[in-house]
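Peer 1: this one's structure only:
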């Protein structure tokens with residue numbers, strides 16, 4: 001018999017807010033977190049907009065010079081091993097633990113684990129390799145590896161929070177933290193763990209994002225209010241963002257025994273690969289179709305049961321079109337089903353995106369609203385088969401699906417439901 005899995009805690013450091021309440025306000029009122037980004041001001045750089053994290057200054061290569069909100073106290077020995085997104089995730093972890101009302105003993109035991117997702121810190125890696133080349137091995141940063149490579153979140157958070165259960169980092173590009181969520185669900189559903197932290201983080205800075213401009217994947221719009229516009233016929237690429245998000249998953253029996261607040265239940269999930277191209281999605285959305293159908297089967301529901309889809313939709317011409325085909329293939333032209341992309345206001349968080357948007361879905365279920373899809377001025381004709389609200393609707397979705405896709409055609413679908 002499979003254990004039920006529920007979401008009992010959330011922590012957000014994002015472009016649209018650094019707390020649950022700030023994020024809800026932004027989602028409900030479609031407040032845009034995207035700004036003109038000073039490091040992209042050079043006229044030789046075609047990209048201008050980024051979903052920026054507010055109230056943090058992590059521009060220095062020395063973590064001891066970083067500025068962050070005073071309510072977070074990070075020990076020096078912990079701080080020195082962090083990348084910028086490690087700091088974001090650490091603060092989000094503190095929030096999530098407090099939100100879930102977990103004691104130190106409930107955080108640190110063999111039945112509580114942590115799965116993470118990040119691409120590492122290219123900025124910190126670049127700086128530390130330059131330092132090694134310039135000054136030699138004996139003057140290199142001794143923590144230069146643990147603060148920069150893809151496993152940095154796991155290394156640092158497992159150590160800082162004394163995690164003793166399952167721990168692992170996931171790397172599947174923009175599907176990474178959705179994979180982390182799905183496998184964390186499996187850990188609890190199978191009985192191997194009682195509780196799992198799912199963590200996503202990205203620096204969202206110059207060296208993280210600018211290489212995507214070389215792929216012609218980023219929007220070149222100079223207007224932060226329209227640069228990210230999923231489903232709009234004039235969309236021209238995604239806008240990147242950084243941050244850190246933490247979601248607490250628990251065995252429902254354990255959560256109820258300790259009187260925890262429950263945001264939503266994770267009903268099931270699915271994953272599938274396109275097997276098509278390293279960077280371009282399958283034009284018919286084949287992997288999304290298969291992942292969605294597997295998620296429906298895992299959840300024991302039909303396509304007609306789903307009230308809302310938080311689409312991956314990054315605002316790229318090819319990606320949004322392929323995902324729309326997949327959604328129509330699975331769900332039909334069902335006008336009851338609402339579809340939106342919160343990336344219109346956050347930007348695209350890369351490996352952070354999956355857990356961030358699953359967190360948004362949990363808030364929508366708990367607070368009874370469906371986020372609108374902002375910045376649509378001219379809906380792409382190919383998207384007119386979908387019911388895409390351009391304003392937030394104050395209804396209460398009972399069953400929600402969150403979609404994510406990454407390089408190589410990695411696709412995930414997470415199904416969540418309202419708990420009575």
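Peer 2: Now that the structure is in, tell me what you want to look at. All values reported here derive from a predicted model rather than from experimental measurement. Numbers count the residues shown, from 1 in each chain.
Peer 1: give me the mean pLDDT for whichever helix or strand residue 323 is part of.
Peer 2: Residue 323 is part of helix 317-331, with elements assigned from DSSP states H and E. Averaged across helix 317-331, pLDDT comes to 98.
Peer 1: could I get the buried residue list for that helix?
Peer 2: For helix 317-331, burial by neighbour count (16 or more other CB atoms under 10 Å) applies to 319-331. Any C-beta I mention is one placed from the backbone N, CA and C, and that applies to glycine too.
Peer 1: packing partners for that helix?
Peer 2: Packing partners of helix 317-331 (3 or more CB pairs under 8 Å, 6 or more residues apart in numbering; DSSP states H and E): helix 286-299, strand 399-406.
Peer 1: please repeat the previous calculation with a cut-off of 6 Å.
Peer 2: Here helix 317-331 touches helix 286-299, going by 3 or more CB pairs under 6 Å, 6 or more residues apart in numbering; DSSP states H and E.
Peer 1: next helix or strand past the helix it packs on?
Peer 2: With DSSP H and E, the next secondary element past helix 286-299 is strand 308-310.
Peer 1: quickly run through the sheet partners of that next one, with directions.
Peer 2: According to DSSP bridges, strand 308-310 forms sheet pairs with strand 338-340 (parallel), strand 399-406 (parallel).
Peer 1: show the subsequent helix or strand relative to the shortest one.
Peer 2: Toward the C-terminus, strand 338-340 is succeeded by helix 343-346 as the next helix or strand (DSSP H and E).
Peer 1: ok, and what's touching the helix or strand following that following helix?
Peer 2: Scanning forward in sequence from helix 343-346 by DSSP H and E, the next helix or strand is helix 353-367. For helix 353-367, contacts defined as CB atoms under 6 Å, 6 or more residues apart in numbering pick out 7, 10, 24, 174, 177-178, 181, 198, 200, 245, 247, 263-264, 310, 342, 349, 397, 400, 402, 404, 414, 416, 418.
Peer 1: one more time with 7 Å, if that's ok
Peer 2: Contacts with helix 353-367, where a contact means CB atoms under 7 Å, 6 or more residues apart in numbering, come from 7, 10, 12, 14, 20, 23-24, 27, 117, 174-178, 180-181, 198, 200, 245, 247, 263-264, 310, 342, 349, 370-371, 397, 400, 402, 404, 412, 414, 416, 418.
Peer 1: let's see which of those residues end up in strands.
Peer 2: Judged by DSSP state E, strands contain the following of those: 7, 10, 12, 117, 198, 200, 245, 247, 264, 310, 400, 402, 404, 412, 414, 416.
Peer 1: and the fifth one, how many neighbours?
Peer 2: Right, residue 198. When neighbours are defined as other CB atoms under 10 Å, residue 198 has 30 of them.
Peer 1: what is the orientation angle of the longest helix along the chain with helix 353-367?
Peer 2: In the chain, assigned by DSSP state H, the helix with the most residues is helix 84-100. On the basis of axes from the mean of the first three to the mean of the last three CA atoms, to 10 degrees, helix 84-100 is oriented at 20 degrees to helix 353-367.
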